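Asker: Give me the fold of what follows.
(3 chains)
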Amino acid sequence: MKEVGILTHSFVDAYNGNMDNIYGGGLERYLYELCGMITELGYSPQVHQLSYCGDFEKDIGPVQVYGYDCQQSSPVQVFNQMTKAAKGPLIYSSFIWEPIEYKPGSLGICHGINWDYHASSAAHKAEVGRNIQHALQHLKKIVSVDSHFLTFCRASCTFADPNQVVLLPNAVDTAWFTPGARWRGLEKGDDRIRILFPRRISLERGIIPMMLIAGRLLEEDHSICIEFAGEVIDHNLITKVFRQWMESSPHRERILHRSYTFDEMKEAYQQADIAVIPTIFSEGTSYSCLEAMSCGLPVVAGNIGGLNDLILDGYNGLLVSPTEEDLYRAVHTLVKHSELRHYLGANARAVSRAFDIGIWREKWKETLRSYLEQEG
Amino acid sequence: MKLDLKRIRKAKDNRLTAVMQVRNEEEGMLEEVLEDLSRYVDEIAIVDDASTDETVALCRKYPKVKHLMTLPQSHFDREWLLRKQLWELACSTDPDWILAVDADEIYEDKAKAHMRELMDQDQFDWVGFRLFDLWGDRTHYREDEHWQIHRRHTRTLVRYIPGYHYFYPPMDHHVPRLPLSYAALPGFLAELRVKHYGWAVSREKLNEKYARYMERDPDGRWGSLAQYRSILDDNPRLVEWSDEQA
Amino acid sequence: MKYDIWGNETWEHFAYKQLLESFPGGNEFVYRGKGSPPGSHEPIPVRFAPAVDLDAPRNHEYAAIVCSPFWIHQALGSGYSKVFFIMEPCPAGVQREVWEKYSGLLAEAADLIITGSEKIYLEQCLRRRNVVWWDAGVVDSGENQRLVGTFVERVFREESLEPCMREQWKQRIRAYCRLREDVGNHETISYLLASYHYFLGEQQARELLLQSFETVLLREHNGTLHSHYRFLSAMEAQQGQLERAVYTYAITAVLPEEKEALARMERWAAMDRFHLLEAELYLANDDFAAAERAALEDASEEAEHFLIDLYLRQWMWKKGLRFMESLHLKEHQGLSIDQIRATLLWIRNQKHEAVTQLLRASLLDWNMLLAFAENDLILRGCEQMKERLNHEAGSEKNTQSEG
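Answerer: Residues are numbered from 1 along each chain as shown, chains lettered A, B, ... in the order given. Next comes the predicted model:
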């Protein structure tokens, strides 16, 4: 069977030596789905990834995984190494912002812009721009998960084929992520308003403004409780910040923190009334946003990256600048106006259907077919 | 308030005053030393420890000997007091830098060439040189168990800082040439050499010196008896002296 | 008066039992932590309670005796009428910078600092006028014990402690003179005598310092320029001989930062700003209290900047904050006013307000978040202390580890 090589920085958990398991992040799930489609098309997917636990080889179902130790070299050097070693047509699934020596004519994927923090250096951004131009010169096509990157290429780079960058937004399984009984008004007797932060606890995902608005909301309205449904990394600075904030809050009893597995996550959305996604920078098409919308939740989101593709302010959510004040006002409005929550939530559910995973799979298969047959 | 701090550490135009104590040097190499010093120092100050020969007249022949103190009575058994007097004389001349020289020492050419550069800076306040004991003649120095002063540095060139606390404690042996307080100030250990000719004399003279030491200090209170005895060694370990380029 | 004692060992190993006897009579001591078995005889009226956070704040009937900066929240956030801080050197296994910082912050807020370490005592005398040295009951005369008692009484009466400090310095002088008679002239004894005479403003200090200087040189220990000679400049400043003091300092100004300090002194001298000149001289000699007094006399904006720098470096942040606010300064030497405010709130156990302040400030500068890492060290240190005191699980100091 013909091989197809996928180059990525992460697939199985080679951070913690857990190579029998696929790491639980969005990117890894995405690649797993992609491998599924490649198999369906009659090819053999081979994933080449960075490893922090030495070189390895593993089979995960139909996928062969090769790990390359990256502790002695830079990630770019390892990507170049993987390029030489991989067989068949290649798909570069990471590091599009780096100067990789691509195998010409390959396919690339950009999972979102991560260099859009307003205060970082112009020089760094310019260097990334040069690396994207380099990618455009060597890759046949780049799949972009949001319009953000597409616009970036059009505005900052030059390329001949207007279809070289293909918009293929992320998806959500609308049959799995469905509104719960609460949304349908079938739960009685619980007057609490539950606000959900459905992200990993990190700086770029806006945990700092979230804590600030949480403090204010909890203080002024005792019917509010706030759930943080994200992982923390022990000993990490942000984890210490979060824990100290939680422990010192005078409203500790109305702050929940829980880590959900992917399968359990639906529960978190179904129990909530509002989702807050206050990303500050680095956001492709957020799975959390899609999942929250699919479960009929009104979303308050920062106007960053791919979130702009998903939320129309005032229609299926509230889109604001991710500052404390703007986020606070938006959430406060939703708390006070239950009819607005229902209106936005219903539209959110409707909009999510446009991002259903079935559509995504079809678009990807078409892209893959066209790419692999040409290569063949 | 007007402060005059410049005089603490001058980085240029420093004057060099040599200071020396002498006693009955007529038959020694005092003339040679004064001749040599006159070529590179600005002034010479001398304390004569009650010489009974023509030492004082000899000193007076050199125009750079601007200060000459003659003691009516010898302090030979109180070395520290002699050094203290010499120091006080030196201070009274308002010097910039002081070079404490013995009447039988000559600095190598390289040292003389670098002397100004060592003084004209504001980073350190004293310089240590390596003293070599020439032995028996002028071509070799001695290096063995009791004769290795050249393995460490001896502080001989110092910046005079008016108002600094100088003290000369009464000590019987290992009397330093210069006040101990210099040890607290920053200094520089130079790889530059000084030739000491005190022992570069005939066998006969060495025996005489030995006799004098034993007479003065038979119990070895001020110096080491073993070292005194080693003066008489028949075959001391000698190393050839070689002049380096300046 | 009732005292809550927040120690650093279980009662069995508590090193300051005898010190408690110096506290004026009629007291009830509550030792937080594992106590002695029932039926044990104790020299003072003590009962025991777990070392845990208090359910409710204390009232004016309670004072705190605190033996570690890890108890800073308990000391400053529990409503005690007075706080007595027993200051110790940094234990092994604890990050020195964190220990020094929180000891400094606690010292600023405490009513009296007590220490058994003469080194710490001398350092603190150079910073404040509410310090007492406890002799650990070594000398039998009871003189020290009575003095400690007097300190404590005056703290409660809110009277100046300066007379007590002077009395202690005189006691130390007498003690060292007696020692010198026994062991002869030793450089450390001379140095200590010089220091105490200096504190008293007496001229004998100079001669004693020079004796120490000479003795050290005779022993061929160098490096005395900074440790000994420079101190003369503080003495000369104290005796009003400013010109001579600057000259003395200039002799010792060898390193680049010292030459910079000298340049500042020259500038103040040229402008006849004698108080600022004095302040710089004292600062160069680590006499922060005297530097502070001199700068306060000047009362200019330059003096305020000088004081802000001094206060912030010495962890006197409450004083520093006041001056920063009056000058409308947002930051000083990389330390932001938000961080200072947040720290002062946090150590007083107003954690929620402190956290909120820091979070808001961090939106403009993420480096502010590093404060949380430091907070974490203190919180963990405190938890480890509670664990040790309540359960006696390993009494070695190195269980009190840093992150």
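
Asker: Confidence-wise, which helix or strand of chain C is lowest on average?
Answerer: helix C:224 (a mean of 86; mean pLDDT, DSSP states H and E).

Asker: quick check, that helix touching chain B?
Answerer: Yes - Helix C:224 is in contact with chain B by CB under 8 Å from any CB of the partner chain, via residue C:224. For the C-beta atoms, the positions are set from N, CA and C on the backbone; glycine is no exception.

Asker: right, and the helix or strand after that helix?
Answerer: helix C:231-238 (DSSP states H and E).

Asker: and the next element down the chain from that next one?
Answerer: Next element after helix C:231-238 (DSSP H and E): helix C:242-252.

Asker: Helices along chain A, start to end?
Answerer: A:26-40, A:75-85, A:122-138, A:147-156, A:207-220, A:237-248, A:265-270, A:287-294, A:307-310, A:324-336, A:338-353, A:357-375 (DSSP state H).

Asker: Nearest the middle, which residue of chain C would you pick?
Answerer: residue C:124 (4.3 Å; CA atoms, centre = their mean).

Asker: okay, it: pLDDT?
Answerer: Note on residue C:124: pLDDT of 98.

Asker: helices and strands around the helix or strand where it lies, which ones?
Answerer: According to DSSP H and E, residue C:124 maps onto helix C:118-125. Judged by 3 or more CB pairs under 8 Å, 6 or more residues apart in numbering or on different chains; DSSP states H and E, the packing partners of helix C:118-125 are strand C:112-115, strand C:131-133, helix C:187-199.

Asker: So for it, what gets flagged as buried?
Answerer: C:120, C:121, C:122, C:124, C:125 (16 or more other CB atoms under 10 Å in any protein chain shown).

Asker: chain center to it, what's the gap?
Answerer: On the basis of CA atoms, centre = their mean, to the nearest Å, helix C:118-125 is displaced by 7 Å from the centre of the chain it belongs to.

Asker: Show me the contact partners of that helix.
Answerer: Contact partners of helix C:118-125, identified using CB atoms under 8 Å, 6 or more residues apart in numbering or on different chains, comprise C:87-89, C:107, C:113, C:115, C:131, C:133, C:165, C:192, C:195, C:199, C:289.

Asker: Among these, which one sits closest to chain A?
Answerer: If you rank the contacts of helix C:118-125 by distance to chain A using CB to the nearest CB, residue C:107 comes first, at 24.2 Å.

Asker: Drop anything exposed from the contacts of helix C:118-125.
Answerer: Buried, going by 16+ other CB under 10 Å: C:87, C:88, C:107, C:113, C:115, C:131, C:133, C:165, C:192, C:195, C:199, C:289, out of those.

Asker: Tabulate those (CSV), appending distance to residue C:372.
Answerer: Shown next, in CSV, are those (distance: CB to CB, whole Å):
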residue, distance to residue C:372
C:87, 26
C:88, 26
C:107, 23
C:113, 28
C:115, 31
C:131, 32
C:133, 36
C:165, 38
C:192, 42
C:195, 40
C:199, 40
C:289, 33
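
Asker: out of these, which one sits closest to residue A:355?
Answerer: residue C:107 (60.4 Å; CB to CB).

Asker: Tell me the secondary structure at that closest one.
Answerer: Under DSSP: H, G, I helix; E, B strand; the rest coil, residue C:107 falls in the helix class.

Asker: What about whichever residue of the stretch 51-200 of chain C sits closest to chain A, how many residues nearby?
Answerer: For the stretch 51-200 of chain C, the residue closest to chain A is residue C:73, as judged by CB to the nearest CB, at 10.7 Å. Using other CB atoms under 10 Å in any protein chain shown, residue C:73 has 18 other residues around it.

Asker: how close does it sit to chain B?
Answerer: 46 Å (CB to the nearest CB, to the nearest Å).

Asker: ok, that residue to residue C:383 distance?
Answerer: 12 Å (CB to CB, to the nearest Å).

Asker: From residue C:307, how far out is the residue nearest to the centre of chain C?
Answerer: Counting by CB to CB, the gap from residue C:124 to residue C:307 is 19 Å.

Asker: Equivalent analysis for residue C:185, please.
Answerer: 40 Å.

Asker: ok, back up a step: so which of the helices of chain A is the most packed in?
Answerer: helix A:287-294 (a mean of 27; mean count of other CB atoms under 10 Å in any protein chain shown).

Asker: chain center to it, what's the gap?
Answerer: The answer for helix A:287-294 is 10 Å, by CA atoms, centre = their mean.

Asker: No further questions, thank you.
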